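Colleague: Sequence and predicted structure are below.
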Amino acid sequence: MVQQQPLLEGRNVTKYFGGLAAVHHVDFAVYPGEIVGLVGPNGSGKTTLFNCLSRILPINEGEIYFKGKNITHAKPYQVAHMGLARTFQVIRVYRKMTVLQNMLISRQWRGEGILKMLRPSSKATHERARQLLDFLLLGHLMHEPAGHLSGGQRRLLEIGMALMPDPDIILLDEATSGINPTLIETIKDRIRQLNRQEGKTFLLIEHNIDFISDLCSRVYVLDFGEKLAEGTPEEIKNNPAVIEAYFGAE
Ligand SMILES: Nc1ncnc2c1ncn2[C@@H]1O[C@H](COP(=O)(O)OP(=O)(O)O)[C@@H](O)[C@H]1O
Ligand SMILES: [Mg+2]
């Protein structure tokens, strides 16, 4: 196997909240073009790890590398500009603004020059927003307030907003939670297309194990902030320690 440089890598990533180690000595690597799953029981540190990777939270120990560059102390806008995007477990859209306006205010497309970025929204940005909304089956809702969308449509919008700057890796935090099976299939299909046709890399926090099995080549399992296991979805499903972590305490 050719040894590639990871796109995103964590070494010994550790984050404490007071005395609680929310993420503890976690090592992982995501390679270009992969779709990797991040699973674990509630409270196991998945969202905290995303917050560390997107640089919203400082870490106490360890290092984070993106495209071979040490981003451990980078600012969130810097890693966003380098091509890392993420969505939030609790959907963050501006409900009173239209769907299109939400797309336009999300971070400007990296393909534009710095001068164009100073304009509120250029023609190219508009065009990209419309194309992405069509791709996400939201084109007909472009002028609706985002608050009128269903939960699943808001998830799609949030994914669209994350895609606006044309990132290389997209971190999705529970993109399928609380949404209907048809839209889950849509999200799955769009992730696959973005991956296969545009080479986008994904790191997915998911509780839906079928979704993980269908999309991911590899999965990391967190439990109490520690890496409990890693492997293919099949290996993870049959791993006794993972089964114990999910069902043992009941
Ligand atoms: N901002 C915070 N301040 C204090 N504790 C937090 C904070 N965010 C998360 N935690 C705690 O860190 C642990 C991991 O939480 P989280 O990363 O949200 O888990 P997951 O996303 O896997 O459900 C939990 O015990 C949670 O209560
Ligand atoms: Mg979470």
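Modeller: Right, received. Where do you want to start? Ligands and ions are numbered 1, 2, ... in the order given.
Colleague: Let me know the helix or strand that residue 159 is in.
Modeller: helix 151-163 (DSSP states H and E).
Colleague: got it, and residue 5?
Modeller: Applying DSSP H and E, one finds residue 5 in no helix or strand.
Colleague: residues in contact with it?
Modeller: residue 68 (CB atoms under 8 Å, 6 or more residues apart in numbering). In this view, the C-beta of every residue, glycine as well, is placed from N, C-alpha and C.
Colleague: For it, give me the pLDDT.
Modeller: Per-residue confidence for residue 5 comes out at a pLDDT of 95.
Colleague: swap in residue 121?
Modeller: In this model, residue 121 carries a pLDDT of 70.
Colleague: Equivalent analysis for residue 106, please.
Modeller: For residue 106, pLDDT reads 81.
Colleague: Isn't it up against residue 167?
Modeller: No - contact criterion CB atoms under 8 Å: residue 106 and residue 167 do not qualify, at 11.0 Å.
Colleague: What separation is there between residue 239 and residue 41?
Modeller: The gap separating residue 239 from residue 41 is 14 Å, by CB to CB, to the nearest Å.
Colleague: What of residue 91?
Modeller: 22 Å.
Colleague: Let me see the ranges of the helices in this protein.
Modeller: Along the chain, counting by DSSP state H, helices occupy 46-53, 76-82, 99-105, 114-118, 123-135, 151-163, 181-198, 209-215, 233-237, 240-243.
Colleague: Which stretch among the ones you listed is buried most, on average?
Modeller: helix 46-53 (a mean of 24; mean count of other CB atoms under 10 Å).
Colleague: show me where pLDDT drops low in the chain?
Modeller: 1-3, 107-120, 249-250 (pLDDT under 70).
Colleague: Point out the residues in it that sit beside ligand 2.
Modeller: 46, 47, 89 (CB under 5 Å from the ion).
Colleague: Now the last one: closest residue in space, sequence neighbours ignored.
Modeller: Spatial nearest neighbour of residue 89, excluding adjacent residues (CB to CB, 6 or more residues apart in numbering): residue 173 at 4.3 Å.
Colleague: Give me the nearest residue to the residue nearest the centre of the chain, chain neighbours excluded.
Modeller: Note on the chain: the residue nearest the mean C-alpha position is residue 171, at 1.4 Å, using CA atoms, centre = their mean. The shortest distance from residue 171 to any residue other than its chain neighbours is 3.8 Å, reached at residue 86 (CB to CB, 6+ apart).
Colleague: Residue 228 too?
Modeller: Nearest one to residue 228, counting by CB to CB, 6+ apart, is residue 221 at 4.5 Å.
Colleague: Show me how the record splits the protein into domains.
Modeller: The chain breaks down by automatic domain parsing into domains covering 1-83+202-250, 85-167.
Colleague: Most proximal residue of this structure with respect to ligand 2?
Modeller: Relative to ligand 2, the nearest point of the chain is residue 47 (3.2 Å; CB to the ion).
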